[in-house]
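*Asks:* curious how this folds, go ahead:
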Amino acid sequence: MSTVDLQLNSRGSHESDADRRIGLIAGWGNFPVRVAQTLKSDGYQVYCMGIKDHADPRLADICDDYREFGMGRMGAQIRYLKSSGVVHATLAGKVFKTKIFERFSLIRHFPDLTFWRHFYPVFLTKSVDRKDDTLLLTVTRLYAANGIEFLPATDYAPELLVKQGTLTNRKPNDAQWKDIRFGWTAAKEMGRLDIGQSVIVKDQAVIAVEAIEGTDACIARSGELCKSGGMTLVKVAKPNQDMRFDVPTIGEGTVETLHKAGGKVIAIESGKTIVLDQEATIATANKLGIVIVATAANEIAG
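*Replies:* So this is what the prediction gives:
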């Protein structure tokens, strides 16, 4: 029995045809592809909604059915899942929040009446903020009101969550551990404020903080600000991380971007961070001389 089966049964559910149908809302990156592949290998029927300008086209060949939707077509998305008999759904992959601030962004993503009913305080009256949790919780509540429960994508691919320990051949030295501990505190505070998940530090000074631009852009900026290199990237979960969305993720691209910027260490939170294509990511890090360590609060405190 798979992890998902156990979790469904722990909710008191009986295995049914509806339980074998999963709605996958796919953002950018390889994570949605891995989730879709895992679901299919476990015998699930996958009904995938690819987010316009984000989703990998390979999903159309993996999933039982694939449709592309603009982010604002909330009513159409719900109708699609309900007509497909879906009662459980998951969100995987990055959604670029920067697109919200592009000119005519909403028009390109075709907002419908359902969207405006639920998001008018965000986009019209602006009486509520546009923090990640605010936006994503609004989405999950809208789905729940229509009989569709969101589950964490890591329930379906738990092997992607990194275990505690040093992943690479090289380990952090004493100075780098000082930066990791210093950066951990700063990153957790940024997460508590729902600003970002990552900070770049060197010699116990914050060089750059991730906000709406994303991790890669934050790393690149740190390279411009710290020409001498040797920085440490610390990427952690929020203190009250909702594992249904916005789970910290790294991959080969993260390693390559940090190397190009002159960084030397990636510190991530064990059990709450996804490492995509882990073998390839570690191999690239070893080749480029980058340290990757997965740590936890108890180790930081110690």
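*Asks:* Phe115 touches Ile78, doesn't it?
*Replies:* No - counting by C-beta atoms under 8 Å, Phe115 does not reach Ile78; the two are 10.6 Å apart. C-beta: built from backbone N, CA, C; applies to glycine.
*Asks:* now the strands for this protein?
*Replies:* Under the criterion DSSP state E, the chain contains strands at 21-26, 45-51, 65-69, 88-92, 149-150, 165-166, 198-202, 205-209, 232-235, 249-250, 265-269, 274-275, 291-295.
*Asks:* return the distance of the fifth one from the chain's centre.
*Replies:* Meaning strand 149-150. Averaging C-alpha positions (C-alpha atoms, centre = their mean, to the nearest Å) puts strand 149-150 17 Å from its chain's average.
*Asks:* Arg170 - how many residues pack around it?
*Replies:* 16 (other C-beta atoms under 10 Å).
*Asks:* OK, contacts around it?
*Replies:* By C-beta atoms under 8 Å, 6 or more residues apart in numbering, Arg170 lies in contact with Asn286, Gly289, Ile290, Val291.
*Asks:* repeat for Gly196
*Replies:* Met190, Val209, Glu210, Ala211, Ile212, Cys218.
*Asks:* now do the helices in the stretch 201-302 of the chain.
*Replies:* With helices called from DSSP state H, counting those that start in this stretch, the stretch 201-302 of the chain shows them at 215-225, 252-261, 278-288, 297-301.
*Asks:* tell me which other helices or strands the shortest one touches.
*Replies:* In this structure, helix 297-301 makes packing contacts with helix 174-192, judged by 3 or more C-beta pairs under 8 Å, 6 or more residues apart in numbering; DSSP states H and E.
*Asks:* just the residues contacting the helix it packs on, thanks.
*Replies:* 172, 196-204, 206, 209-210, 232-241, 264-265, 267, 291, 293, 295, 300.
*Asks:* PyMOL command to pick out the buried ones of those residues?
*Replies:* Restricted to buried positions by 16 or more other C-beta atoms under 10 Å, the PyMOL selection for the contacts of helix 174-192 reads:
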select buried, resi 172+196+197+198+199+200+201+202+206+209+210+232+233+234+235+236+237+238+241+264+265+267+291+293+295+300
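*Asks:* okay, the strands of the chain in CSV with distance to Ile282 and mean pLDDT next?
*Replies:* Below are the strands of the chain laid out as CSV (distance: least, C-beta to C-beta, whole Å; pLDDT from 0 to 100):
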stretch, distance to Ile282, mean pLDDT
strand 21-26, 26, 95
strand 45-51, 28, 95
strand 65-69, 31, 94
strand 88-92, 22, 94
strand 149-150, 31, 92
strand 165-166, 10, 97
strand 198-202, 19, 98
strand 205-209, 24, 97
strand 232-235, 15, 98
strand 249-250, 11, 94
strand 265-269, 11, 98
strand 274-275, 8, 94
strand 291-295, 7, 98
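*Asks:* export these to TSV and tack on distance to Ile180?
*Replies:* Shown next, in TSV, are the strands of the chain (distance: least, C-beta to C-beta, whole Å):
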stretch	distance to Ile180
strand 21-26	33
strand 45-51	34
strand 65-69	40
strand 88-92	28
strand 149-150	32
strand 165-166	11
strand 198-202	8
strand 205-209	13
strand 232-235	6
strand 249-250	15
strand 265-269	4
strand 274-275	17
strand 291-295	7
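*Asks:* how close does Thr138 get to Ser84?
*Replies:* To Ser84, Thr138 is 23 Å away according to C-beta to C-beta, to the nearest Å.
*Asks:* phi, psi for the closest residue to Lys82 other than its chain neighbours please.
*Replies:* In space, and not counting its chain neighbours, Lys82 is closest to Asn146: 6.7 Å by C-beta to C-beta, 6 or more residues apart in numbering. When quoted as degrees, to the nearest 10, the phi and psi of Asn146 stand at phi -110, psi 20.
*Asks:* noted, bye for now.
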